[in-house]
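**Student:** what shape does this take:
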Amino acid sequence: MEVKVFGDGIKNLKELLEEKGASPYAPCAGRGTCGQCIVKVLSGPCPPSERDKEVLSADEIGQGMRLACRAFPNGDITVAVPEKKNPVICTEFSVNSTHQTDHSVSSQADKSASGLRVGIDLGTTTIVLTTLGSDGTAGETRAFLNPLSVYGSDVVSRLESAAGGKLHEMKDLLRRKIEDELRILIGTTVFNGKKTMEDCTSGIRDTSTSSDEKIRSNPERKAQIAPAVDSVMTHVSRIALAGNTVMTHIFMGWDVSGLGKYPFKPYSLDAAQTELLGIPVTVFPGISAFVGSDIVAGIYGLDLINGRVGDMLMDLGTNGEMVLMTEKGLIASSASAGPALEGAHISCGTGCVEGAVTGITLENLRPVLTVAGARSFRPTDNTANNSANDSPSGTPGLSDTSVHPSGTAGSSGTSAHPSGTAGLSGTSVHPSGNKGLSGTSVHPSGNKGLAGACGSAILELVDELLRTGILSSDGTFSKNYADEGFAFGTDRNGRVLALTQADVREIQLAKGAVSTAALMLCEKGCTDPKDLHISLAGGMGSGLRPERIRRTGLIPAVSEVRAVGNSVLCGLMRFFRDSSDPASTSSALRALSDIAGSVTVYDLALDDKFQKKFLDSLDFIQE
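**Tutor:** Coordinates of the predicted model:
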């Protein structure tokens, strides 16, 4: 997308673009640490910064690439901002709990358009909306990136912004985005699959404005169609929402000052009532400052309260929360994993969006990539790929195996590659002469770059590098890869995507926090880790293939690991099924509050043993 801005030499380019509604991806909230808010200056004065020279190559700087947060233009400039990709998010769940009521979701969408209920999974990185029809069947689902990412990818950055006077600004931004997406979701259901805001207006047309984004960026047009769009919302009777404690506080506009400092006291953990577009919204109760209502929803949906000893819910999203059933009841903890497991703060990382790599395996050091929205790719035999200094010498071909039709890591199928959506570049080379390009697997047509690698792919690559000896157990690259890291593809700007030494250190910190939390939770609950039955959930957890990340040590060696998908949606849908009238609604709310009140929170930060155990857990497993 091309954007024209006028710089005064005081505001940085990221701020100027945000004012135009074209904010670039910046998981560090503009602190200059992530190096991912790269835009291309097409015209006008915008000299490179010192940080640009550290992150970008000379060729890239010469092409006009700049870090938006470190550019301070003075005058009129035109900038190309990378298009934001649609998220490919797990919205399904599969539950085999001790609860006897069937909480499985039917794939048949409810088209009755009467008495629809909407569940909202308010995640730090992504937000998912799902409808439940009056007949109890799940209907349409809509997933999108959390708009608060402009304030940083992690909750700490957002807490700082909210506590610094931007709380109501953040609340308004969040609610406006959810309301926009609600209109589209309900219009999709009511009008039989028509998905744009235009289609939701029952006949109003404007041929010059056909996309949702154009309507959102045109206040006059949006005001014109709003009454017609809002008319479809009369089909919605109720909304329920669950999320981590920081996100629900911002959504409600509650004071967050107590969440950012010891003793980390929330404004409220009770269930709450509010409205969106005039529709009543029930916000689930939370457990603590670090274990939120999303975990209550997961416990409720999986019926973990009636589970067996050793049952563990591990929600691996931006925050690594986990709950364990013990002889004395449920205990929970939160691992400060940071956003690395979802691709943020990783030089080659991204969220799970279209064009993102969701899985990586190595065949003779040649990467085989699984791409969200596409199929897997393997280099042909004439692709040289023996060391960090190799470069491609042939045209890689498509793999006939390991097809990925749905965008969720671990899926398989037989659908063909959709032309132009593979997200792989067939011609771009490394700006320093292909140095460090370790057999990039590329698509021979379309010439579109990868979005990056999401957390599941990064972990799989680390596992493969450990298997091949390129990484040692302490996380150090072998000599040939020490400088450039291990490259596996190119992005849409032709930049090589490589896992670097700094990236590996970020992964070690994240996996160390998660694995230490899980083992210390077992110790606290007098449970042998080998007796664990882990249910993996969350944006990150639902896409993991445990057998492919064994060497990372992220997940303890246990008797059973299963992916349950989106456990938050599972709990939200069960709540609707359990609350068909006022009396049953009160009963369901009491059950949720009882769950929240019954969980014992184990604060790892207060345990003197945590630091040593954490440091001991940083090494990988070398087999």
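**Student:** which residues in the stretch 1-150 of the chain form helices?
**Tutor:** 13-19, 50-55, 58-62 (DSSP state H, counting those that start in this stretch).
**Student:** with distance to A563 added, can I get those helices in CSV?
**Tutor:** Every C-beta, even on glycine, is put in place using the N, C-alpha and C of the backbone. Below are the helices of the stretch 1-150 of the chain laid out as CSV (distance: least, Cβ to Cβ, whole Å):
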stretch, distance to A563
helix 13-19, 36
helix 50-55, 35
helix 58-62, 38
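**Student:** mind checking these for the one nearest to S257?
**Tutor:** helix 13-19 (24.8 Å; Cβ to Cβ).
**Student:** the closest one: which residues count as buried?
**Tutor:** Buried positions in helix 13-19, judged by neighbour count with 16 or more other Cβ atoms under 10 Å: 13-18.
**Student:** which other helices and strands contact that helix?
**Tutor:** Other helices and strands packing on helix 13-19, by 3 or more Cβ pairs under 8 Å, 6 or more residues apart in numbering; DSSP states H and E, are strand 2-8, strand 74-80.
**Student:** deepest-packed of the ones you listed, please.
**Tutor:** Stretch with highest mean neighbour count among these: strand 74-80 (a mean of 17; mean count of other Cβ atoms under 10 Å).
**Student:** show me what that one is packed against.
**Tutor:** Counting contacts by 3+ Cβ pairs under 8 Å, 6+ apart, strand 74-80 is packed against strand 2-8, helix 13-19, strand 38-43.
**Student:** returning to that earlier point: need the helices of the stretch 1-150 of the chain in CSV (columns: distance to A332 and mean pLDDT).
**Tutor:** CSV is the format used below for these (distance: least, Cβ to Cβ, whole Å; pLDDT from 0 to 100):
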stretch, distance to A332, mean pLDDT
helix 13-19, 36, 89
helix 50-55, 39, 89
helix 58-62, 45, 89
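**Student:** out of those, flag the one nearest Y481.
**Tutor:** Smallest distance to Y481 across the helices of the stretch 1-150 of the chain (Cβ to Cβ): 19.5 Å, for helix 50-55.
**Student:** and that closest one, which residues are buried?
**Tutor:** By 16+ other Cβ under 10 Å, the buried positions in helix 50-55 come out as 51-52, 55.
**Student:** same question, stretch 521-540
**Tutor:** Within stretch 521-540, the residues scored as buried using 16+ other Cβ under 10 Å are 521-522, 524-525, 527, 529, 532-540.
**Student:** out of these, the closest to L569 would be?
**Tutor:** A537 (9.8 Å).
**Student:** and the closest one, what does it touch?
**Tutor:** 93, 298, 313-316, 563-568 (Cβ atoms under 8 Å, 6 or more residues apart in numbering).
**Student:** cool, L465 as well?
**Tutor:** Counting by Cβ under 8 Å, 6+ apart, L465 makes contact with 362, 471, 477, 486, 499.
**Student:** between those, which is nearest R176?
**Tutor:** Using Cβ to Cβ, L499 comes nearest to R176 of those, at 36.9 Å.
**Student:** V232 versus the residue nearest to V55 when sequence neighbours are not counted, what's the distance?
**Tutor:** Of all residues not flanking V55 in the chain, G35 sits nearest, at 4.1 Å (Cβ to Cβ, 6 or more residues apart in numbering). Distance, G35 to V232, using Cβ to Cβ, to the nearest Å: 42 Å.
**Student:** of the two, which one has the most company?
**Tutor:** The neighbour count for G35 versus V232, taken as other Cβ atoms under 10 Å, is higher for V232 (23 against 19).
**Student:** assumed that one was part of a helix.
**Tutor:** Yes - applying DSSP: H, G, I helix; E, B strand; the rest coil, one finds V232 inside a helix.
**Student:** would TSV of the contacts of L465 with neighbour count be doable?
**Tutor:** Below are the contacts of L465 laid out as TSV (neighbours: other Cβ atoms under 10 Å):
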residue	neighbour count
L362	21
L471	25
F477	20
F486	31
L499	28
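**Student:** tell me the two of the residues you listed that are most distant?
**Tutor:** Pairwise over the contacts of L465, using Cβ to Cβ, the maximum falls at L362 and F477, 14.4 Å.
**Student:** what's around R577, how many residues?
**Tutor:** Using other Cβ under 10 Å, the number of residues around R577 comes to 15.
**Student:** tell me which residues in the host helix or strand of L174 are buried?
**Tutor:** In this assignment (DSSP states H and E), L174 forms part of helix 167-190. Within helix 167-190, the residues that count as buried by 16+ other Cβ under 10 Å are 167, 170-171, 173-175, 177-178, 180-190.
**Student:** may I ask which helix or strand of the protein has the lowest mean pLDDT?
**Tutor:** Ranked by mean pLDDT, DSSP states H and E, the helix or strand of the chain with the weakest confidence is strand 397-398, at a mean of 26.
**Student:** other SSEs contacting the helix or strand just after it?
**Tutor:** For strand 397-398, the following helix or strand on the C-terminal side (DSSP H and E) is strand 452-453. Packing partners of strand 452-453 (3+ Cβ pairs under 8 Å, 6+ apart): strand 356-363, strand 496-499.
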